[in-house]
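1. structure for this input, please:
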Amino acid sequence: MLHTTDFVLLSAVLFILGAMGVLLRKNAILLFMSVELMLNASNLALVAFAKQWNQMEGHLFVFFVIAVAAAEVAVGLALIVAIFHSKQSINVDELHQMEG
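-> Residues are numbered from 1 along each chain as shown. Next comes the predicted model:
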């Protein structure tokens, strides 16, 4: 039987991997995936604590966070595609040249 500690440790590892991806990557899609990994790690921890304390509100909150994340994915990918069409690159270091 897995305990809450196991889920929280897995959540921490996933969050750290996502944070490393945000800090080390220069590709916009990989940055976007890293942010989503961090969001899912926090959802995992929230569900683990909600299950430990038998609180349904934690599960409902995670459901709404996932729904908002789905909308974020749609808007974020649309922005990445629009930037790629105009710049022919999704390298974050090159995006500072978007003035004018």
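2. contact partners for residue 18?
-> Residue 18 is in contact with 34, 35, 36, 37, 38, 41, counting by Cβ atoms under 8 Å, 6 or more residues apart in numbering. (Glycine included, C-beta is placed from N, CA and C.)
3. same question for stretch 78-89, mean pLDDT?
-> Averaging pLDDT along stretch 78-89 yields 89.
4. how about stretch 16-30?
-> The average pLDDT within stretch 16-30 is 95.
5. what do you get for stretch 63-75?
-> For stretch 63-75, mean pLDDT is 93.
6. please save the CA atoms from it in PDB.
-> Only the C-alpha atoms of stretch 63-75 are listed here, as PDB (Å, rounded to 0.1, in the frame of the first residue of the first chain):
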ATOM      1  CA  PHE A  63     -10.600  19.000 -11.500                       C
ATOM      2  CA  PHE A  64     -10.900  22.800 -12.000                       C
ATOM      3  CA  VAL A  65      -7.100  23.200 -12.200                       C
ATOM      4  CA  ILE A  66      -7.000  20.600 -14.900                       C
ATOM      5  CA  ALA A  67      -9.800  22.300 -16.800                       C
ATOM      6  CA  VAL A  68      -7.900  25.700 -16.600                       C
ATOM      7  CA  ALA A  69      -4.700  23.900 -17.700                       C
ATOM      8  CA  ALA A  70      -6.500  22.600 -20.800                       C
ATOM      9  CA  ALA A  71      -7.500  26.100 -21.800                       C
ATOM     10  CA  GLU A  72      -4.000  27.300 -21.100                       C
ATOM     11  CA  VAL A  73      -2.600  24.600 -23.400                       C
ATOM     12  CA  ALA A  74      -4.900  25.700 -26.200                       C
ATOM     13  CA  VAL A  75      -3.900  29.400 -25.900                       C
END
